[in-house]
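J.: below is the sequence, then the predicted model.
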Amino acid sequence: MGTLNVEGLSFRYPRAGDAALQDATLVVPDGGIFGLLGPNGAGKTTLISILAGQLRGATGRIAAGGEALEAVRRSRPRFLGLVPQEYAFYPMLTCAENLRFFGGVQGLAGARLKQRLETVAAFARIEGVLKRRAGQLSGGLKRRLNLAIGLLGEPEILLLDEPTVGVDPQSRAFLLDSIRSLARPGTTIIYTSHYMEEIEAICDHVAIIDHGRVLLSGALAEVLQDSSGLLTLHLRTPLPDALASDWKGRYALREDGAARYSLRVPGAAQVAQAIEAARAAGCEPLAVGYGQRNLEQLFMQLTQRSLRD
Amino acid sequence: MRPLIALWEKEWIALSRDVHGLAVLFLMPAVFIVVMSLALSDAFKGDPGRGTEFAVISADEKLADLFTRSLAGDGFRAASAPADEAAARSSVRRAKHKLVLVVPRDFERALDAPPDGRRTPPALTLLADPALPPAQLVAFQQRVLGVALSLRVSAMTRRAGIPTDAGAFDLKRAATLAVEVVGSTGRPSSVQQNVPAWLIFGMFFVVMPISSLFIVERRDGTLARMASLQVPFSMLLLGKVGPFFVINLGQTALMLLAGKTLVPWFGGEALALPARWDLVAAVAACTSLAAIGWGLAVAVCARTLEQATVIGGVGNILAAAIGGIMVPRFVMPEAMQTLADASPMAWALDGFHAVMLRQGGAADIALPCLKLLALAAVLFAIALWVHHRRRVLSPAQ
């Protein structure tokens, strides 16, 4: 499909005060998983909805492979697939009937429809429940059916809007593995979540959105690189008061949680010294981070608040 | 075409699994047809059933007998007379008698006096139950005055020495009057009124399943998903038309069958089936399109299931109340009859009556059918316009 370019996209809901999206600009490379990270209400779903053609009236430009997205979708109706946050299927229909219906509205029929139905059912591992009514499935199976429906038309861009909300850890792991396996040249996945662990686990590129603005966008490995001298420590026991007080003055120590700390150290030599000092105080390090930050820390640096706030 | 077939199939499956919704669409009008046809059968005949009982009190037994014989018939039945006027008043107050005519002692003498315009005419008193329908009271008054007039004319001819027999001035013998009903029976019978009326009401009730399923689709994101699949909104609306059109035609066939078989089975009159089934189908089709258009407009305009239920339900009941479904239009006052012309249910009823009651042709159903089709087009356009203006299928952010 080529690169998806979003330029200066703005959108305001009718009668809403603030804009849901303000001058959003993104470059989504072909053939990977692009994560949209942000707290609830940040504008992720609005962006997804505009890309999916649900919302009209946005200003700005969206192009796929250099051509306006709308024109691409007119000529290739199955170019883009959406897996909404909701269970967007019919609970009174069986899984197979749902798949047949959503395949049918995309123009699939006969042997082609049968083949696609079998493929996506196998991919989502729902072959065993095809005859069951969708409304009677567990949360995890409903999410899988939701994903399978999105894959019926073999979209070149697949929009996944919080696809793991409300599922158990086992189903979440399965869904993340499945989604990871979908990304290949010619198939791009745009994945929204407010779970930073998911974005870190499966995305190649990421954009952080807050209050309708894109705060940062780029390759995941690059945006997580940190040259600010941030050292993160997770210790077996909390630091003694004397050492903590010393580090507060010297390294701008900050407590991030139970026996979890962030420090600013001037160089790699001080990292070793700090670890040694902690050990000497009886606080065995369980995890040490330096030169790299996680998305939570990045979000905090950008917004001065936690992603979970 | 394939997407439209998929939409129809989905709608069929969803409907077939909504047993309660289907029961409402088919059983509700059938029950109304049977109950209302039976309950209103006498009212439509203009016959009070067993007949309204009356009695005559007079000191002159011969005169009382003459009045009683002359007044009986045409829905009025003679009952035993109370002992006196006080007993008669008490009897009427307790609703034992509906009507009691009190003939004064000197009535016959007063009849013999020559009419010269100065004298007060002979006086009669009619005691009436306040619950008696005004039309019956007026009818009985006219019968009493008719008998009094014939007695008076008999007295005059007697005085003039013209020989006449006792029944010479009976009003029924004044002339023969043939009443010719043009078309069928002119006014519908109970079953002829109630079958099409409650069929139309049931047809318009598709507003409920159409709007509820549509709002659930919007709430659950299936409409958003279909928008992302480039399914045009107009096609989504057309996806509702096919299945509900078939349901409406099914309702028509079954409700006519109920009028033909079920109502007589419960003791009512059987529905006279129309000669032109093609015209019945045409009226049913136009009614169906208007009803489905109404359902689509409510579905798109209402934001919640509760809103759809209130707008759809109350709208239907209002349209039925003013459109002659619940109360036949011919019993409404003129202003209400004019207002009834604004109800699409009245247009549909006009169409069905033109075919089923007056055995009319295509020209007779043209106007009601055109009105219904125009309404369907307007409602469909409203649904598209409101959707376009909202721009937002799912307000989730």
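T.: Received it, and whenever you're ready, just let me know what you need.
J.: distance from the longest helix along chain B to the middle of the chain?
T.: For chain B, the longest helix by residue count, based on DSSP state H, is helix B:362-390. From the chain centre to the centre of helix B:362-390 is a distance of 25 Å (C-alpha atoms, centre = their mean, to the nearest Å).
J.: do that helix and chain A meet at all?
T.: Yes. Helix B:362-390 comes into contact with chain A (C-beta under 8 Å from any C-beta of the partner chain), by way of B:Arg390. Using the backbone N, CA and C atoms, a C-beta is placed for each residue, glycine as well.
J.: could I get the average pLDDT for that helix?
T.: Averaging pLDDT along helix B:362-390 gives 92.
J.: which parts of that helix are buried?
T.: In terms of neighbour count (16 or more other C-beta atoms under 10 Å in any protein chain shown), helix B:362-390 has its buried residues at B:364-365, B:368-369, B:371-372, B:375-376, B:379-380, B:382-384, B:387.
J.: ok, those residues vs A:Ala19, which is closest?
T.: B:His387 (22.9 Å; C-beta to C-beta).
J.: roughly how far apart are the closest one and B:Ala88?
T.: B:His387 sits 70 Å away from B:Ala88, going by C-beta to C-beta, to the nearest Å.
J.: how long is stretch B:321-328 end to end?
T.: Terminal residues of stretch B:321-328 are spaced 9 Å apart (C-alpha to C-alpha, to the nearest Å).
J.: tell me the SS of B:Leu271?
T.: Following DSSP: H, G, I helix; E, B strand; the rest coil, we place B:Leu271 in the coil state.
J.: how much space is there between it and B:Pro196?
T.: 9 Å.
J.: give me the more crowded residue out of these two.
T.: B:Pro196 (32 against 25; other C-beta atoms under 10 Å in any protein chain shown).
J.: what helix or strand does the more buried one sit in?
T.: helix B:190-204 (DSSP states H and E).
J.: ok, B:Met336 next?
T.: Here B:Met336 is assigned to helix B:334-340, by DSSP H and E.
J.: helices of the stretch 1-150 of chain B, start to end?
T.: With DSSP state H, counting those that start in this stretch, the ranges of helices along the stretch 1-150 of chain B come out as B:2-16, B:19-39, B:41-45, B:61-71, B:85-93, B:107-112, B:134-159.
J.: which one is the spatially most central residue of chain B nearest to, not counting chain neighbours?
T.: Chain B has B:Pro328 as the residue nearest its centroid, 2.8 Å off, counting by C-alpha atoms, centre = their mean. Distances taken as C-beta to C-beta, 6 or more residues apart in numbering or on different chains place B:Gln193 nearest to B:Pro328, at 5.4 Å, with adjacent residues excluded.
J.: run a quick neighbour tally on the one you found.
T.: Count around B:Gln193 with other C-beta under 10 Å applied: 26.
J.: tell me the pLDDT at it?
T.: 84.
J.: look up phi and psi at residue 252.
T.: The chain I'm using is chain A. phi 50, psi 50 (degrees, to the nearest 10).
J.: sorry, should have said chain B
T.: phi -60, psi -50.
J.: so it touches B:Leu199, yeah?
T.: Yes. Counting by C-beta atoms under 8 Å, B:Thr252 touches B:Leu199, with 6.2 Å between them.
J.: how far away is B:Phe244 from B:Gln251?
T.: For B:Phe244 relative to B:Gln251 (C-beta to C-beta), the value is 10 Å.
J.: domain ranges for chain B?
T.: Per automatic domain parsing, the structural domains of chain B span B:2-43+B:187-390, B:49-173.
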